[in-house]
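In: Here's my sequence, what's the structure:
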Amino acid sequence: MNTQLHSTWLLICAAVISLTSCHGKGKSQEENATRAIDVAVATTDSIVLHKTYPGYLVANKSVDVVAQVDGKLLTKNYESGKKVQKGQVLFTIDPTLYKDAVKRAEASLASAISSRDYAKSHYEAVKKALEADAVSKMEVLSAESAYNQAEANIKDCQAALNTARTNLGYCTVVATLTGYISDSSLSVGSFINGGAAPVKLATIYDNSTLFAVFDIEDSQYEHIVGGGGGINSPIYRAIPLKFSDNLNHDYAADLWYESPSVEKETGTLELKGVVKNFDNELKEGMYVTVSLPYGIDPKAVLVKDAAISTDQLGKYMYVVNDSSKVVYTPVEVGELYQDSLRVINKGIKSGDKYVTKALLTVRTGEEVKPVVTK
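Out: Coordinates of the predicted model:
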């Protein structure tokens with residue numbers, strides 16, 4: 001009998017323990033069902049609106065270094081890719097033929113001067129002889145003609161000497177611009193045929209400032225004009241520029257040029273902005289993204305860009321409503337603002353709470369405990 005009572009007692013205790021355990025487990029699941037989720041609040045701010053355009057950089061100035069005479073390239077006097085100064089000697093070409101040409105031209109000029117001096121003396125003598133009827137008038141005219149011809153011959157010889165000296169000067173090729181120079185297209189020892197047509201040897205780029213060149217739609221140009229001030233407006237003094245990779249400096253363009261006409265085929269207008277180049281970091285031909293301002297939104301709705309997700313239907317966010325339930329919300333997004341915020345054009349209004357973390361595990365309709373973070 002005692003054994004039966006003991007067994008019954010054990011069964012009752014086991015049942016009580018089991019019920020207690022189930023009750024405790026059910027309470028834990030209920031608590032876990034409402035989990036804490038980090039949320040942020042959509043805000044509003046007055047921001048300048050931008051539209052991005054692809055563009056490229058052009059050097060402030062660039063000149064080709066050319067050879068304009070024939071001859072062997074004797075020296076190259078610079079380091080490729082480095083900065084050269086205006087007037088610096090860059091190349092020398094064998095000057096032998098041109099030195100000889102100068103000597104011949106100088107000799108011809110000296111001979112012409114001597115002939116002119118003789119013709120002048122003869123002409124003066126004949127004129128005096130005419131006064132004494134010692135010569136005919138025809139002889140005087142002949143002497144005058146010879147004198148005039150001698151004067152003209154001097155001018156021809158002087159022109160030939162100038163040409164010879166100019167060609168000799170071309171044998172020393174100097175920089176006509178301060179800037180960074182490209183590698184030479186010809187090696188020392190090469191023969192150059194620059195007499196018939198100039199031969200390009202290198203190019204110098206003045207990269208102290210560059211131009212950001214890009215095209216906009218004619219409708220966007222109307223925004224610029226309609227906003228007042230056109231390209232002279234203060235908002236176009238520092239247009240943000242972005243490059244494919246982060247550079248050591250931030251860059252902006254000062255808009256200064258607009259094309260006087262719209263391209264009929266494309267309906268676009270060319271614009272240019274001056275860009276200051278720090279430490280020669282920028283190069284001609286680099287591609288750039290131009291963030292052109294076109295207006296101001298005094299009440300732009302802003303959210304954290306990282307809280308926006310994408311699916312087959314487009315962009316969406318998880319919003320926590322007044323009942324603390326998660327709601328899948330499609331949104332239309334605008335431009336990025338201050339690198340981390342995104343303008344919302346449709347779907348979210350100021351004051352809405354949106355999920356910022358656990359975006360992969362949260363589900364629409366789930367009840368949560370929102371924790372507002374900054």
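In: tell me the contacts of the closest residue to Arg342 other than its chain neighbours?
Out: Once flanking residues are discounted, Arg342 sits nearest to Asp305: 4.1 Å by Cβ to Cβ, 6 or more residues apart in numbering. Backbone N, C-alpha and C define where each C-beta goes, glycine included. Asp305 sits next to Leu336, Ser340, Leu341, Arg342 when contact means Cβ atoms under 8 Å, 6 or more residues apart in numbering.
In: Which residue ranges of the stretch 251-374 of the chain form helices?
Out: Using DSSP state H, counting those that start in this stretch, the stretch 251-374 of the chain contains no helices.
In: Point out where it drops to low pLDDT.
Out: The stretch 251-374 of the chain contains no residues with pLDDT under 70.
In: 80 instead?
Out: Applying pLDDT under 80 to the stretch 251-374 of the chain flags residues 295.
In: can you pull out the strands in it?
Out: Remark: strands assigned in the stretch 251-374 of the chain by DSSP state E, counting those that start in this stretch are 251-258, 268-276, 287-304, 309-311, 314-320, 326-330, 332-337, 341-346, 353-355, 368-372.
In: Of these, flag the one that's most buried.
Out: strand 353-355 (a mean of 22; mean count of other Cβ atoms under 10 Å).
In: who does the most centrally placed residue in the chain bridge with?
Out: What sits nearest the mean C-alpha location of the chain, by Cα atoms, centre = their mean, is Leu57, with 2.6 Å. Under the criterion DSSP bridges, Leu57 forms beta bridges with Ala212.
In: Now that we have the strands of the stretch 251-374 of the chain, can you turn them into a markdown table and tack on distance to Ala107?
Out: Listed next are the strands of the stretch 251-374 of the chain as a markdown table, based on distance: least, Cβ to Cβ, whole Å:
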| stretch | distance to Ala107 |
| --- | --- |
| strand 251-258 | 54 |
| strand 268-276 | 54 |
| strand 287-304 | 59 |
| strand 309-311 | 85 |
| strand 314-320 | 85 |
| strand 326-330 | 91 |
| strand 332-337 | 76 |
| strand 341-346 | 81 |
| strand 353-355 | 93 |
| strand 368-372 | 97 |
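In: Which among the ones you listed is found nearest to Thr96?
Out: When the strands of the stretch 251-374 of the chain are compared by Cβ to Cβ, strand 268-276 sits nearest Thr96, at 46.7 Å.
In: just checking, what packs against that closest one?
Out: strand 199-217, helix 218-226, strand 251-258 (3 or more Cβ pairs under 8 Å, 6 or more residues apart in numbering; DSSP states H and E).
In: swap the cut-off to 10 Å and go again
Out: strand 43-67, strand 199-217, helix 218-226, strand 239-242, strand 251-258, strand 287-304 (3 or more Cβ pairs under 10 Å, 6 or more residues apart in numbering; DSSP states H and E).
In: quick one: contacts of the fourth one?
Out: It refers to strand 239-242. Strand 239-242 has contacts (Cβ atoms under 10 Å, 6 or more residues apart in numbering) with 48, 50, 52-53, 55, 57, 212, 214, 247, 250-255, 271, 273, 275, 282, 288-293.
In: go with 7 Å
Out: Strand 239-242 is contacted by residues 212, 251-253, 255, 273, 275, 288-293 when judged by Cβ atoms under 7 Å, 6 or more residues apart in numbering.
In: nearest spatial neighbour of Gly87, skipping sequence neighbours?
Out: Nearest non-adjacent residue to Gly87 (Cβ to Cβ, 6+ apart): Val174, at 5.6 Å.
In: So that neighbour versus Val199, what's the distance?
Out: Computed with Cβ to Cβ, to the nearest Å, the distance linking Val174 and Val199 is 16 Å.
In: neighbour-wise, which of these two wins?
Out: Neighbours per residue (other Cβ atoms under 10 Å) separate Val174 from Val199, with Val199 holding more: 20 against 15.
In: Flag every buried residue along the helix of greatest length in the chain.
Out: In the chain, assigned by DSSP state H, the helix with the most residues is helix 96-131. By 16 or more other Cβ atoms under 10 Å, the buried positions in helix 96-131 come out as 98, 101-102, 105, 108-109, 112, 115-116, 119, 122-123, 126.
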